[in-house]
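Engineer: Give me the fold of what follows.
(one chain, ligands or ions: 1)
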Amino acid sequence: MNPTATISRRKAVQLSSLGLGAALVHPFSVSSKPEIQKKLGVALVGLGRYSNFQLGPALQHTELCELKGIVTGTPSKRETWAKEYGIEARNMYSYEEFDKIKDNEEIDIVYVVLPNAMHKEFTLRAAEAGKHVICEKPMGISAQECLDMMEGCKQAGVKLSVGYRLYFEPHHLEVRRMGVEKVHGKVQMMEAGLGFSMADPTSWRLNKDLGGGGALIDLGLYAIQGCRRVVGEEPTRVTAQGLVHRPEIFKGIWEHMSWQMEFPSGAFSNSTTSYSAYVDRMYATAERGWFQLSPSFNATGATGLTHEGPLSFTTPPYQQIAQIDHFAQCVLEDQEPMNSGYEGWKDLKIIEAIFEAAETGEAVEIGW
Ligand code: NAD
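Structural biologist: Predicted coordinates:
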């Protein structure tokens, strides 16, 4: 951690081991933030679309940390990012020289924004360099990778979180509150889906080795997370179906998927994901009413409605501002992030069960 950063107040929001209590309120009321003398430095690893259009801009609004470094394999991006964000040449690295970042005191946090199959390697290399790590979703391409990443960060004594921006988005916090607090009675059924048309058939997302499994691990993950968080439980049994309509494009991955999850309370969910169709919604029906977000999971904003009327929350300019500042606060105050590696591991464990169910046609029990 940057030695010059100091804390004058302890955090107001206590994190329970499940991250539940803290997630029911917005964690960043102004009064809960520590005062610091110097912002923590963040380095983005991988300067693709998400870094360009979301993380770079979001890091211009964070209060506890700031964009200080980049790691890229494309030399021309150095000039662009120097011009756009004033990144100093001494804080720029290629993937090969990345490990030298351990000697850089200006960088406290490494944010891994690479294709999914590269998350584990760069998370572990960052941890070995003594840097705290935010890793983009999906955390890895298997549950075992997630465990290895958690262990590596623990051994190195650094914090780890997953880029789960919706853990901080006001509409999502509200539907979670309504579900967990049983505001309209117990949630009985949910429908959640996220999908889009994959414009570029050469994208790494369609390559099983780099993407890890297509739409489910990339987008369906949000639908899984949405249902888990609305009921505040983990699913114990899944069934699933997959379909490939265009085998010339979808090789070794499903084009569309649908799956069902059963939760210990008896709640039941049905979900869809696709790389060929647009879907973005979360609907929950409870004993005495219903609530929904549509659109729900995208980074540009949700719209909420219940049987009583609209849900109106101010959409932050970038959802990642609260997410990244939460991580910086956890680093400063030695707390476990709400969007911890453990949360990322849970989603991968469920994803593996869904793949197994789709491939075998059998229901799969998930042992926790
Ligand atoms: P992208 O394809 O736009 O960018 C990927 C970057 O990785 C590029 O800069 C590319 O040059 C670099 N790269 C390095 N080695 C590569 C290789 N072998 N093959 C391909 N690219 C390589 O992807 P993106 O949309 O920026 O996604 C990056 C990560 O961020 C993914 O894990 C994705 O799931 C995640 N993401 C998260 C969100 C979110 O809302 N949390 C949104 C978009 C993407």
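
Engineer: Low-confidence ranges, this protein, go.
Structural biologist: Low-confidence regions of the chain, defined by pLDDT under 70, span residues 1-31.

Engineer: Next to the ligand, which bits of it? Give me the list.
Structural biologist: Within the chain, the positions lying close to the ligand (C-beta under 6 Å from any ligand atom) are 46-51, 73-74, 113-116, 136-137, 163, 165, 204, 210, 218, 299. (Glycine included, C-beta is placed from N, CA and C.)

Engineer: In ChimeraX, select just the buried ones from those residues.
Structural biologist: The buried subset of the residues of the chain next to the ligand, as determined by 16 or more other C-beta atoms under 10 Å, is captured in ChimeraX by this line:
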select :46,47,50,51,113,114,115,116,136,137,163,165,204,218
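
Engineer: Among the residues of the chain next to the ligand, which are located in helices?
Structural biologist: Here DSSP state H is the test, and those give 49-50, 210 as lying in helices.

Engineer: Check the secondary structure at residue 350 for me.
Structural biologist: On the three-state scheme (DSSP: H, G, I helix; E, B strand; the rest coil), residue 350 is labelled helix.

Engineer: Can you tell me which of the ones in helices among the residues of the chain next to the ligand is nearest residue 267?
Structural biologist: Closest approach to residue 267 among those (C-beta to C-beta): residue 50, at 31.6 Å.

Engineer: Could you pull up the residues touching the spatially closest residue to that closest one that is not a sequence neighbour?
Structural biologist: Excluding the flanking residues, the one nearest residue 50 by C-beta to C-beta, 6 or more residues apart in numbering is residue 113, at 5.5 Å. For residue 113, the contact set (C-beta atoms under 8 Å, 6 or more residues apart in numbering) comprises 44-48, 50-51, 55, 136, 163.

Engineer: Try it again at 7 Å.
Structural biologist: Contact partners of residue 113, counting by C-beta atoms under 7 Å, 6 or more residues apart in numbering, are 44-46, 48, 50-51, 55, 136.

Engineer: ditto for residue 238
Structural biologist: 259-261, 353-354, 357, 363-364, 366.

Engineer: The same query, at a cut-off of 10 Å, please.
Structural biologist: Residue 238 sits next to 224, 259-262, 269, 271, 350-358, 363-366 when contact means C-beta atoms under 10 Å, 6 or more residues apart in numbering.

Engineer: and the helix or strand containing it, which strands flank it?
Structural biologist: Under DSSP states H and E, the secondary-structure element containing residue 238 is strand 237-243. Based on DSSP bridges, the pairing partners of strand 237-243 within the sheet are strand 256-262 (antiparallel), strand 364-365 (antiparallel).

Engineer: Out of those strands, indicate the one that is most buried.
Structural biologist: Most buried of these, by mean neighbour count (mean count of other C-beta atoms under 10 Å): strand 256-262, with a mean of 22.

Engineer: Only the C-alpha atoms, please, for the helix or strand following it, written as CSV.
Structural biologist: Secondary structure here is assigned by DSSP H and E; on that basis, the next helix or strand after strand 256-262 toward the C-terminus is strand 268-274. The C-alpha trace of strand 268-274 is given here as CSV (Å, rounded to 0.1, in the frame of the first residue of the first chain):
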residue,chain,number,x,y,z
PHE,A,268,-36.9,-21.0,-8.7
SER,A,269,-35.2,-19.2,-11.6
ASN,A,270,-35.2,-19.5,-15.3
SER,A,271,-32.5,-17.7,-17.4
THR,A,272,-31.3,-17.2,-20.9
THR,A,273,-28.1,-16.0,-22.5
SER,A,274,-27.1,-15.8,-26.2
